[in-house]
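Novice: Coordinates for the following, if possible.
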Amino acid sequence: MARALHVRLDTDSEAALSTLRAEGLNDSQAVRLALVEARSRRRQRAALREEALRLAGDVGDRRELAALAADLDALTPAWPEE
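Specialist: Sure, this is the predicted structure:
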């Protein structure tokens, strides 16, 4: 179902709309595209946030990372004394 939307654009929004217009989109197409792209970015960020929280809570994974860090520290040469 189509829905009309009226907005007041600030300077940044007007500049963004101008960018999309320059790509050949009319105002309606530009706004629809911007909303769809914003939804996609928000979903991606939410998925990454959930993954980071899941990994942070994975005790086994954290143990493996600690062991790997220790192994890498053992391979790293000492810093020269000043």
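
Novice: how many other residues sit next to Leu9?
Specialist: Counted by other C-beta atoms under 10 Å, the residues lying close to Leu9 total 12. C-beta here means a position set from N, CA and C on the backbone, and glycine is covered the same way.

Novice: my read: it touches Leu17, true?
Specialist: Yes: counting by C-beta atoms under 8 Å, Leu17 is a contact partner of Leu9 at 6.5 Å.

Novice: Low-confidence ranges, this protein, go.
Specialist: Across the chain, nothing is flagged by pLDDT under 70.

Novice: Please give the centre-to-centre distance between the longest helix along it and its chain.
Specialist: Counting by DSSP state H, the longest helix found in the chain is helix 27-56. Taking the mean of its C-alpha atoms, helix 27-56 sits 7 Å from the chain's own mean (C-alpha atoms, centre = their mean, to the nearest Å).

Novice: the inter-axis angle of the next helix or strand after it versus helix 27-56?
Specialist: Per DSSP states H and E, helix 27-56 leads on to helix 59-75 as the next helix or strand towards the C-terminus. Angle, helix 59-75 to helix 27-56, by axes from the mean of the first three to the mean of the last three C-alpha atoms, to 10 degrees: 80 degrees.
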